[in-house]
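Q: no sequence on this one, just coordinates:
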């Protein structure tokens with residue numbers, strides 16, 4: 001007995017089977033940073049979030065799995081919280097180059113951008129884990145809107161997983177990478193030479209606060225200063 005195959009119908013079924021084999025993994029990263037153990041500096045600074053940064057979504061297909069990771073909104077929340085903890089006042093600006101007329105004036109403005117979001121799946125890494133790398137570029141503008149410098153920060157995160165389509169392990173690894181990068185910004189940003197020069201002699205410190213005094217750029221001050229020595233009282237006369 002011979003069977004006649006309807007080739008167009010067979011091709012359509014084959015396409016449907018292939019499409020069913022693809023899995024979609026969509027996740028939205030959460031804003032989650034630990035409190036930074038740093039002293040707030042008495043200065044007024046700005047931050048600019050481009051539409052591309054604030055709404056950034058990473059998309060890629062790997063091993064017939066569609067990955068879609070929403071990164072922008074959580075990063076805006078995290079940076080607002082982190083920079084707000086580092087400086088006395090944080091102001092969002094629409095254009096970092098047009099800030100000279102803002103009153104009270106801003107000491108500087110930071111503009112973040114995503115340079116890289118990449119991850120390795122359990123299939124790529126021995127040990128069945130997702131490994132995430134996030135790299136950011138922070139561009140620094142002075143109080144007149146002139147571009148001064150830019151700095152790169154990279155965060156890494158890892159979380160074990162058994163399946164390629166696991167959402168939770170990838171989300172956890174991504175959040176750990178965000179926390180790692182945030183910790184580096186908190187510790188290293190004010191130690192960058194260009195930032196230190198601006199902080200040493202701010203033209204307009206916050207009203208009612210002393211100027212920010214920074215040690216010379218060539219000096220590497222300890223993160224935590226030792227407590228001052230207590231002078232011993234002289235022995236009382238007999």
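A: Done, it's in. None of these values were measured; they are calculated from a predicted model.
Q: quick one: the strands in the protein, in order.
A: All strands of the chain, identified by DSSP state E, fall at 23-28, 41-47, 57-62, 65-70, 87-92, 108-120, 129-142, 147-160.
Q: closest to residue 171 out of those strands?
A: strand 23-28 (4.9 Å; C-beta to C-beta). Backbone N, C-alpha and C define where each C-beta goes, glycine included.
Q: I figured residue 118 hits residue 132, correct?
A: Yes: the pair residue 118 / residue 132 is scored as a contact, 7.5 Å apart, by C-beta atoms under 8 Å.
Q: who has more neighbours out of the two?
A: residue 132 (27 against 12; other C-beta atoms under 10 Å).
Q: pull out the buried positions in the longest helix anywhere in the chain.
A: The single longest helix within the chain, with elements called by DSSP state H, is helix 167-188. When burial is assessed from 16 or more other C-beta atoms under 10 Å, helix 167-188 yields the following buried residues: 169-186.
Q: so which elements touch that helix?
A: Applying 3 or more C-beta pairs under 8 Å, 6 or more residues apart in numbering; DSSP states H and E, one finds that helix 167-188 contacts strand 23-28, strand 65-70, helix 72-86, strand 108-120, strand 129-142, strand 147-160.
Q: can you pull the contacts of residue 145?
A: 95-100, 109 (C-beta atoms under 8 Å, 6 or more residues apart in numbering).
Q: ignore the last one, residue 106
A: Residue 106 neighbours (C-beta under 8 Å, 6+ apart): 44-46, 91, 93, 99, 143.
Q: any idea how many residues pack against the residue nearest to residue 146 when sequence neighbours are not counted?
A: Nearest non-adjacent residue to residue 146, counting by C-beta to C-beta, 6 or more residues apart in numbering: residue 97, 7.7 Å away. When counting by other C-beta under 10 Å, one arrives at 14 neighbours for residue 97.
Q: that's all I had, so thanks and see you.
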